[in-house]
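Undergrad: Got a predicted model here, sequence first, then my questions.
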Protein chains: 2
Amino acid sequence: MGLDSTDPGTVRPGGRTARVRAAVLRAAGDVLAEQGFAQVDLADIARRAEAGRTTVYRRWGTATGLVADLLVDMAEQSLPRTETGSLLGDLKANARLVQRTLSDARQGALFKAVIAAASCDAKAAEALHRFYDVRVREWAPCVQQAVDRGELPEGTDAHEVIRAVSAPLYYRLLTSADPLDEAAADRAAEAAAAAARAGAYLRDTGSPA
Amino acid sequence: MGLDSTDPGTVRPGGRTARVRAAVLRAAGDVLAEQGFAQVDLADIARRAEAGRTTVYRRWGTATGLVADLLVDMAEQSLPRTETGSLLGDLKANARLVQRTLSDARQGALFKAVIAAASCDAKAAEALHRFYDVRVREWAPCVQQAVDRGELPEGTDAHEVIRAVSAPLYYRLLTSADPLDEAAADRAAEAAAAAARAGAYLRDTGSPA
C-alpha cells in the first residue's frame, strides 16, 4: 500500500508522504508563479522541493498532472465564506477575497498559470473546473438567503450570481493591465447585486420551445 | 529595405512579404488552436506555412513574438459594431458576437491559447491588452448613445459596460465546462444593461478620500 500502488495525484496519505506532497506542491506553485506554465519541468520541481525525482515522476507523471493536484489542494484550502447579513455585504466580501487573491503577486501569477495549463490539458481543465465549482458552491448560499429575505426574486440562479461577481475580476486580470483594486471588487459586487435584483439571473428565462 | 532591415513583427508591407505573413499567422493560429501555447514551435509553423525557417526566425524571433503579431492581426480584423437603436439590442449583438467567436472550436481554442501565452510573456500580454482595448473602443459608443437617449445615467463608464458584457463569457470559457450558448450571451447583455441602469458603472463612485 505504498506510493507504488497509488494512482498519480489521487491519494493523500499522512506522514512523510504528505510532507513530500506539500513540498512538491509548494515548489510547483513557485515555478508556476515565477515562470508560467510553459516552463514547468518536473525535475526542477523535485530539486526545489528536495524530493526524489523518481518519486515526483512516479506520483505525478506530468506537469499537467501536478497542476491538477495543485488545484485539488487549492480547492481544499479555499476559505469559508463570510456572512454579513445582507446580499451586497456578502457579495462584496466575496469580491474582495477574489480581488486580494488575484492582486497578490504570487497568487495572481499562479492563477494565470493554472488557467493557461487548463487550456492545454484536459486533466488540468477538469481540476480547474472542480476548483471553481467548489468556490461557487461555498458562496451560493448567500444568494439563496437573500432570496429568502426577499432581497432577490424567487428563482434567482445562485451559482450564476456568484460567478458574476468573479467574472469581471478575472477578465480584468487576464485581458488588461488595469489594477485589480478594491474599487473594482466593489463594482463587481454592486453590478452583480443590481443585475440579480433586476431579474437578470432568473433560471429558465429562455424563450419557450 | 528588405525583411532584413525590419524589426520582427512590426512592419506589414505588401506583396510576397504580406503573403508570407498571412500564411505564417494562419499556421500559428492553427497550431495554437490544435495544441495550445506550450507546443508552439517556430520550425513547425514555418513548415505548415511553407515559409522559410530562417525568414520566420528572423522576422518573429520567438513563439511569443509571433503570438503578439497574431494579436495585432486579430485586432485589425475585428468586426465593426452593430447598431440596433437600443442599448439592450446593441449589447446583445456584442454578446452574441463574443459568444459565437468563443464557442467556435478553432477560435475558442485560439483565444484560450493567446491568453495562456500572455500569462508567460510581457510582449504577448501587451498585444493582448491592445487587442481588447481595440474591441472595447469599437463598442463603447453604443453606451454613450444610450446615455444620450436617456437610457442610462450621465457619467456611466462606457468601457466598463462593454467589458461587463464580455467578462462572464470569458469566465465561463476559461473556468467551466458549461456551454457558451446564446442564452449565456443574452444573460450577459441583460445583466450588464441592468447593472448600468442601476448606476453600477458610474465613474468615480469610490468613497471620498
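TA: Okay, I see it.

Undergrad: mind checking pLDDT for the nearest residue to residue A:50 once chain neighbours are set aside?
TA: Once flanking residues are discounted, residue A:50 sits nearest to residue A:23: 6.6 Å by Cβ to Cβ, 6 or more residues apart in numbering or on different chains. Where you see a C-beta, it was placed from the backbone N, CA and C, and this is true even at glycine. For residue A:23, the pLDDT comes out at 92.

Undergrad: same deal with residue A:207?
TA: 49.

Undergrad: Buried residues, the helix or strand harbouring the residue nearest to residue A:50. List them.
TA: Using DSSP states H and E, residue A:23 sits in helix A:15-35. Within helix A:15-35, the residues that count as buried by 16 or more other Cβ atoms under 10 Å in any protein chain shown are A:17, A:20-21, A:23-25, A:27-33.

Undergrad: Which elements pack onto that helix?
TA: helix A:42-49, helix A:53-60, helix A:63-77, helix A:105-120 (3 or more Cβ pairs under 8 Å, 6 or more residues apart in numbering or on different chains; DSSP states H and E).

Undergrad: follow-up on the earlier one: check the spacing between the residue nearest to residue A:50 and chain B real quick.
TA: 24 Å (Cβ to the nearest Cβ, to the nearest Å).

Undergrad: Could you point out which of the helices and strands packed on helix A:15-35 sits nearest chain B?
TA: Using Cβ to the nearest Cβ as the measure, helix A:105-120 is the one of these that comes nearest chain B, at 3.3 Å.

Undergrad: Between helix B:15-35 and the closest one, find me the angle.
TA: 90 degrees (axes from the mean of the first three to the mean of the last three Cα atoms, to 10 degrees).

Undergrad: does chain B sit close to helix A:105-120?
TA: Yes: judged by Cβ under 8 Å from any Cβ of the partner chain, helix A:105-120 and chain B are in contact via A:109, A:112, A:113, A:115, A:116, A:117, A:118, A:119, A:120.

Undergrad: how about those residues in JSON lines, adding neighbour count?
TA: Below are these laid out as JSON lines (neighbours: other Cβ atoms under 10 Å in any protein chain shown):
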{"residue": "A:109", "neighbour count": "20"}
{"residue": "A:112", "neighbour count": "24"}
{"residue": "A:113", "neighbour count": "27"}
{"residue": "A:115", "neighbour count": "22"}
{"residue": "A:116", "neighbour count": "29"}
{"residue": "A:117", "neighbour count": "30"}
{"residue": "A:118", "neighbour count": "27"}
{"residue": "A:119", "neighbour count": "27"}
{"residue": "A:120", "neighbour count": "22"}
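
Undergrad: Show me where chain A dips below the pLDDT cut-off.
TA: A:1-14, A:205-209 (pLDDT under 70).
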